[in-house]
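**Q** What follows is a predicted structure for the sequence shown.
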Amino acid sequence: MSSLGEAALPGEAGPNDLDAAGEAALDQALRSAWMPVCQSGELTDRPLPIRLAGETLVVARLGDTVAAFPDLCVHRGTALSLGWVDPGTSPAPDGSPATGEACLVCPYHGWSYGQSGEVKRIPAVHGRAIPRRARIERYAATEHLGLVWVLLEPGPGGWEHPAPLYPLPEAPWWGDPSLRTIPITTYDWKCSPARRIENFIDFSHFPWVHEGILGDRAKPLSPDHVVESSETTISFQIALEEPQTSVKGDVAPGAKVQRDPTTYTVHLPYSVTLDQQLPEGNRFVLFMAASPLSSKETRTFTWNARSYRLDPSNDTELADFQRLILDQDQPITESQRPEALPVDLSAELHIAWPDQASIEFRRHLGKVAARARLTESASE
Ligand code: FES
Ligand SMILES: [Fe+2]
């Protein structure tokens, strides 16, 4: 067992950080971080099955809250996502009184789960006491930035005092009436969320993977920039030259233009905002939030906001532009091994300064993993 002072932090650490235990510790620790699971608009009056961190969950609107549970009825293991929501305002068909709260109803034998995960009705034994064990765990769920976010573990204070590792991402642009905000189609890649984030903040690949769209192989040099890091964010500004494109309101598509600095902000652990100032005071924002379906599969939710060409008929061109870029990134990112980011910085070769943001990102994740391993070994 080691003390915190001897903690093997990335870049300062022994070789053992790059191992399955380090990556598993990171995944385990991030169960206490909010993860996006669907767009708010996808969650209607029907329960929705989702995958998160290798588990199958069900999310449902119960009254005025969003609830997330394991997708597993405690009675016979049926998927609750096959059931429905009972508003709880009417008596049941057998005449038993209304539950008085919205419930998720299992489709097999009709057990009704309330917002806390307790069974409120067992139709086959109407009138008898409901066993205390007739309940399922309820995870924390909330809506933010048009997404549903779930917390799988509350932290040391338990569900009475949940303490997420990081706050939900700040987004001052959200709801700004001068911007048109649209979703970019959600997509799944066979990579870890950390690899997905690194790809998003890695600008030195633009000339190679996005030649003619975002970069130019004749000009591969990365501009100098400063990476700033806090306990919850990593940010930097970078001024790139890029081909003009109509989706950014440019007038001479294809011609090179030197952009003003674009601000990248990583909201730890797995969301990023790209905020780009364009000519004539125009603004282009891309917000992405990555979610681990499992340790090696990632779902990415994306919003795009723009202050120009506001007519909805321009949305398709913009979405197609993003699709083109993503289709180029996907095979590269999915080919990376190991699929998870090595928690030991020395495991891959980094080039200062183009890789500075990803070095900082790994430093953060490495600290989380190291702390989790210490906690684990202290409790053994
Ligand atoms: S399996 Fe769900 S009520 Fe029986
Ligand atoms: Fe890319």
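**A** Yep, that arrived. Ligands and ions are numbered 1, 2, ... in the order given.

**Q** Can you point out the buried residues in the longest helix anywhere in the chain?
**A** In the chain, assigned by DSSP state H, the helix with the most residues is helix 356-378. Neighbour counts over helix 356-378 (16 or more other C-beta atoms under 10 Å) mark 356-374 as buried. Every C-beta, even on glycine, is put in place using the N, C-alpha and C of the backbone.

**Q** How about stretch 235-253?
**A** Buried residues in stretch 235-253, defined by neighbour count with 16+ other C-beta under 10 Å: 235-238, 240, 242-245, 247-250.

**Q** between the residues you listed, which is closest to ligand 1?
**A** Relative to ligand 1, the closest of the buried residues of stretch 235-253 is Ser235; by C-beta to the nearest ligand atom it sits at 47.3 Å.

**Q** and the closest one, that one's in a strand?
**A** Yes. According to DSSP: H, G, I helix; E, B strand; the rest coil, Ser235 belongs to a strand.

**Q** Hmm, Glu198 is touching Ser358, no?
**A** Yes. The criterion here is C-beta atoms under 8 Å, and Glu198 meets it with Ser358 at 4.8 Å.

**Q** show me the contacts for Ala141.
**A** Val59, Thr65, Val66, Ala67, Ala68, Val148, Trp149, Val150, Leu151 (C-beta atoms under 8 Å, 6 or more residues apart in numbering).

**Q** give me that answer again for 6 Å
**A** By C-beta atoms under 6 Å, 6 or more residues apart in numbering, Ala141 lies in contact with Val66, Ala68, Val150.

**Q** Could I get the phi/psi values of the closest residue to Phe203 other than its chain neighbours?
**A** Nearest non-adjacent residue to Phe203, counting by C-beta to C-beta, 6 or more residues apart in numbering: Ile238, 5.8 Å away. Ile238 adopts backbone torsions of phi -140, psi 130, taken as degrees, to the nearest 10.

**Q** Then Arg283?
**A** Backbone torsions of Arg283, given as degrees, to the nearest 10, read phi -140, psi 140.

**Q** measure the residue lying closest to it once chain neighbours are set aside to Cys38 for me?
**A** Nearest non-adjacent residue to Arg283, counting by C-beta to C-beta, 6+ apart: Ser307, 4.4 Å away. Ser307 is 27 Å from Cys38, where distance means C-beta to C-beta, to the nearest Å.

**Q** go on, Arg180?
**A** Applying C-beta to C-beta, the value for Arg180 to Cys38 is 22 Å.
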